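>>> Predicted coordinates and the sequence they were generated for:
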Amino acid sequence: MDKKEWQKKGEGHRERLRDRFLEAGLDRFSDEEVVEFLLTLGTPRKDVKTQARQALKQFGSLSAVLSAPREKLLEIKGIGPKNALYLRLVHEIAGRYLRDRARAVNFLNSSRAIFDYLFHDLREKKREVFKVLFLNRKNELIKDQDVFLGTLTASAVYPREILTSALENAAAAMVFVHNHPSGDPNPSSQDRRITRDLVWAAQLIGVHVLDHVIIGYDTYYSFGFKDNLGPEYLFGEDGLTRQEELQRIRIGLSYFQTLWSNQVFALKFFGGTIKGNQNQLQLTDHFWFGGARTLRGYREDQFHGTTISWINLEYRFLTGRESRIYVFNDWGFYNYKQDDQAFEDILPGYGIGVRFMTPLGIMSVDFGLGKGDSFSTGKIHVGVVNSF
């Protein structure tokens, strides 16, 4: 077969691809044929079936080929700058189409819709991007805003800035979205803590948090669907809201007894339980404790439960009006059920501390040991109380 016959055969195949597309769209196309069809736009007189097959083999899926970096596409023999341009163009057009549709219709009724809206933008990012979608009462998009770029930690996302933007945009609801560059969308402990903090903060100004969606590679995780974000007004995959009544019972007491001159015994107790439909109870409904103000010798908010209690015992040596040295012994208890399993534990904490006046206010420094800790693994807790 000479060169002209080869080109004529290739042109016939491309014509058949175009005719099939015009007749029924992409419904009867395989992924390989879609890539091949797109490559013919940049290579009009050459068979590109081999290049299409190689691209799918190297990147793994049609969506991965469309979003692949230009330099990686050019590494495949037979794919040139024009081919890479057309593939990238289709990817960008799809992303813009989804964003435009989001602004035109009331589509944000499920975590899947949120994923469809943003995965083109976020799944290929090499760094984490934290976005907030501000919605009106009809779940129509008012604005989507990038609030952070980098490694996501609790100290990197500022609830005050997000709530200020919510008020400025007159938002009735918010959806948080961020990506995991690793491709695995499952939430980290930091993701859970940030979600909990933002939900609680938003409740103070009457703005509902509908979901927090983590986007991975061609998949996603939805807090709204998996965990639910609180006791009220959160939707799942089907877009339905739920309402339930939860009753929180709390009790706290303090007791102080002077023993000798400048020596005081102090006791503080807190207990809490949640009553309601235990099958509907979510993680963010739990009581959380641990750290400087509750159970020293452990990380802040390290433990949670539907029934919890803690007790702080201190023997204080007073050195001034607001200053003292003390030894302490703390105890904590938690209980909750998950997946028909019961979890509970009793946790001790003990150590020494000092409290003294500074120009910034009253500072306290505690060194505590928790269950199983050695001196080298103890926790240092620092706090400041001021009247600013």
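Received it, and whenever you're ready, just let me know what you need.

>>> per-domain residue ranges of this structure.
In terms of domains, the chain is parsed into 3-99, 110-243, 259-385 (source: automatic domain parsing).

>>> Would you check how far apart residue 354 and residue 202 are?
With the distance defined as C-beta to C-beta, to the nearest Å, residue 354 ends up 37 Å from residue 202. C-beta: built from backbone N, CA, C; applies to glycine.

>>> And those two? Which one has more around it.
Using other C-beta atoms under 10 Å, the more surrounded residue of residue 354 and residue 202 is residue 202, with 22 against 15.

>>> wait, what's in contact with the more buried one?
Each residue near residue 202 by C-beta atoms under 8 Å, 6 or more residues apart in numbering is listed here: 159, 163, 166, 174, 208-209.

>>> mind putting the domains of the chain in JSON lines, distance to residue 250 and mean pLDDT included?
What follows is those, written out as JSON lines (distance: least, C-beta to C-beta, whole Å; pLDDT from 0 to 100):
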{"stretch": "domain 3-99", "distance to residue 250": "45", "mean pLDDT": "75"}
{"stretch": "domain 110-243", "distance to residue 250": "15", "mean pLDDT": "77"}
{"stretch": "domain 259-385", "distance to residue 250": "5", "mean pLDDT": "88"}
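
>>> Pick the most deeply packed of those.
Most buried of these by mean neighbour count (mean count of other C-beta atoms under 10 Å) is domain 110-243; its value is a mean of 18.

>>> For it, what is the distance to the chain centroid?
From the chain centre to the centre of domain 110-243 is a distance of 7 Å (C-alpha atoms, centre = their mean, to the nearest Å).

>>> tell me the SS of residue 365?
strand (DSSP: H, G, I helix; E, B strand; the rest coil).

>>> from memory it sits against residue 382, does it?
Yes - counting by C-beta atoms under 8 Å, residue 382 is a contact partner of residue 365 at 5.4 Å.

>>> any idea how far the closest residue to residue 186 other than its chain neighbours is from residue 369?
The shortest distance from residue 186 to any non-neighbouring residue, by C-beta to C-beta, 6 or more residues apart in numbering, is to residue 221 (5.8 Å). Distance, residue 221 to residue 369, by C-beta to C-beta: 36 Å.

>>> show me what contacts residue 132?
Counting by C-beta under 8 Å, 6+ apart, residue 132 makes contact with 144-145, 147, 162, 165-166, 174-177.

>>> Repeat that for residue 331.
Shown in contact with residue 331 (C-beta under 8 Å, 6+ apart): 295, 310-311, 346-349.

>>> what's the answer for residue 350, then?
For residue 350, the contacting residues are 297, 327-330, 368-369, by C-beta under 8 Å, 6+ apart.

>>> Let's have the residues you listed in TSV, adding secondary structure and distance to residue 251.
Formatted as TSV, the contacts of residue 350 follow (DSSP: H, G, I helix; E, B strand; the rest coil; distance: C-beta to C-beta, whole Å):
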residue	secondary structure	distance to residue 251
297	coil	23
327	strand	26
328	strand	21
329	strand	21
330	strand	17
368	strand	24
369	strand	28
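
>>> Could you identify the most distant pair in the residues you listed?
Among these, the pair separated by the greatest distance (C-beta to C-beta) is 297 and 327, at 12.8 Å.

>>> Overlap of the contact sets of these two?
350-351.

>>> Mind checking what secondary structure residue 40 has?
Quick answer, by three-state DSSP: residue 40 is helix.

>>> What separation is there between it and residue 18?
As for residue 40, its distance to residue 18 is 9 Å (criterion: C-beta to C-beta).

>>> which residues of the stretch 1-150 of the chain fall in strands?
129-135, 141-149 (DSSP state E, counting those that start in this stretch).

>>> got JSON lines for these, with distance to residue 75 too?
Formatted as JSON lines, these follow (distance: least, C-beta to C-beta, whole Å):
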{"stretch": "strand 129-135", "distance to residue 75": "27"}
{"stretch": "strand 141-149", "distance to residue 75": "28"}
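
>>> Thanks a lot, catch you later.
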